[in-house]
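Visitor: next comes the sequence, and after it the predicted model I'd like to discuss.
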Amino acid sequence: MGIKKILEFVKVEHTLFSLPFVLIGYVLANAEFGSGSLDLMWILLAAVGARGLAMVLNRIIDSEIDAENPRTASRHLPSGLMSKQTAWVLAVAFLATLSFSAWMLNEVALQMVWLPVLAFMIYPYTKRVSWICHLWLGLCLGLAPAGAWVALAADVHGWGAITGVDSGFLWYPEIFFISIGVALWIAAFDVNYARMDVNVDREQGINSFPSAYGDKATTGMSVALTISWALCFVLTGLNESTDGRDSYSLWIPAAVLMALVNLVVMTKGAQASLDSEEAMGGFQKTLFNASMLTGWALLASLVLAGVM
């Protein structure tokens, strides 16, 4: 099994979704607590391990479902390009990467590794139960900025970075609203991603939101989720502004702009996607790009404001 096939298996391009928010967590924590010379490297390696583990577990658990879906039947496991044994070896390797990187950061990071791993293991089963699966996936990604932030904050405050110190919870409201915003942003993307498999999901009993409630309700949910994540990001910026800091001077405009872009894609673009499979493919590509750029635009707003 070559590196290229492994990268295809874990869909390495989707790392572009979580990476900017990992970096946002790092940038904010570094500005407040400072960091060691190798901390960023270990945070990025931990993110690679977590992202790879999440994808491999999802592929293993969903392999039988994927085999029954024409769109996913050609994936590595259902098509036989990769054995489950090899996939489990990759899962162990990614878990080892995550755990070792966390260990190199600090004790708190290492002892909290169980949280994302548990979230990753639960996610594939949620779609068999309820459309809440979209929000659960958002939760998995919402751990990215929080994890990067804790990795540095715990160097200074230990468990107080999570449990709080005399002055209160260090992660509230900044990291709290950013993480909730990421969760809602990913949920909005995933609800629209599920539009591709509505008929198959209904046949297989997969409880995606589009398969349960239809196109019109999906568009309404997309709008609600997008407005909600934009509000979370705006609240983050407003709180910092009241503290007399200009760290978020570009953050709020970036959040509003990207929310508007996503709303256009998820309304007009989604409606046009119903015309044909080709139109649906075009919509999904545009959706991916708009969603991916959201995180990078927010990260750029912090960097340009001098938050490092």
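Guide: Sure, I can see it. As the structure is a computational prediction, the values presented were derived from the model and not from experiment.

Visitor: contacts and neighbour counts: CA atoms only from here.
Guide: Noted.

Visitor: next one: the helix or strand hosting Ser18 to chain centre, how far?
Guide: Mapping Ser18 onto the secondary structure by DSSP states H and E places it in helix 15-33. Here helix 15-33 is found 13 Å from its chain centre; the criterion is C-alpha atoms, centre = their mean, to the nearest Å.

Visitor: repeat that for stretch 30-43.
Guide: Centre-to-centre, stretch 30-43 and its host chain are 21 Å apart (C-alpha atoms, centre = their mean).

Visitor: I would like the residues contacting that stretch, please.
Guide: Contact partners of stretch 30-43, identified using C-alpha atoms under 8 Å, 6 or more residues apart in numbering, comprise Tyr26, Ser101, Ala102, Met104, Leu105, Ala148, Ala151, Leu152, Ala153, Val156, Val307, Met308.

Visitor: now, which of those sits nearest Val56?
Guide: Ser101 (18.7 Å; C-alpha to C-alpha).

Visitor: hmm, back to that, so among the contacts of stretch 30-43, where is pLDDT lowest?
Guide: Ranked by pLDDT, the contacts of stretch 30-43 bottom out at Met308, which has 70.

Visitor: check contacts around that residue.
Guide: Taking C-alpha under 8 Å, 6+ apart as the test, what Met308 contacts is Val27, Leu28, Asn30, Ala31, Leu302.

Visitor: need the buried ones from these selected in ChimeraX.
Guide: Here is the ChimeraX command that selects the buried residues among the contacts of Met308 (16 or more other C-alpha atoms under 10 Å):
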select :27,28,30,302
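
Visitor: which pair in the contacts of Met308 spans the largest distance?
Guide: Asn30 and Leu302 (12.3 Å).

Visitor: state which helix of this protein is the longest.
Guide: In the chain, with assignment by DSSP state H, the single longest helix is helix 209-242.

Visitor: how far out from the middle of the chain is the following helix or strand past it?
Guide: Once the chain leaves helix 209-242, the next helix or strand it forms, by DSSP H and E, is helix 251-264. The chain centre lies 18 Å from the centre of helix 251-264; the measure is C-alpha atoms, centre = their mean.

Visitor: would you turn the contacts of Met308 into a markdown table with distance to Ala46?
Guide: Below are those laid out as a markdown table (distance: C-alpha to C-alpha, whole Å):
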| residue | distance to Ala46 |
| --- | --- |
| Val27 | 16 |
| Leu28 | 18 |
| Asn30 | 17 |
| Ala31 | 20 |
| Leu302 | 22 |
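
Visitor: among the contacts of stretch 30-43, the buried ones, what's the PyMOL command?
Guide: Filtering the contacts of stretch 30-43 down to the buried ones (16+ other C-alpha under 10 Å) takes a single PyMOL command:
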select buried, resi 26+101+102+104+105+148+151+152+153+307+308
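
Visitor: which one of the contacts of stretch 30-43 is nearest Leu115?
Guide: Nearest to Leu115 among the contacts of stretch 30-43, with distances taken as C-alpha to C-alpha, is Ala102, at 12.5 Å.
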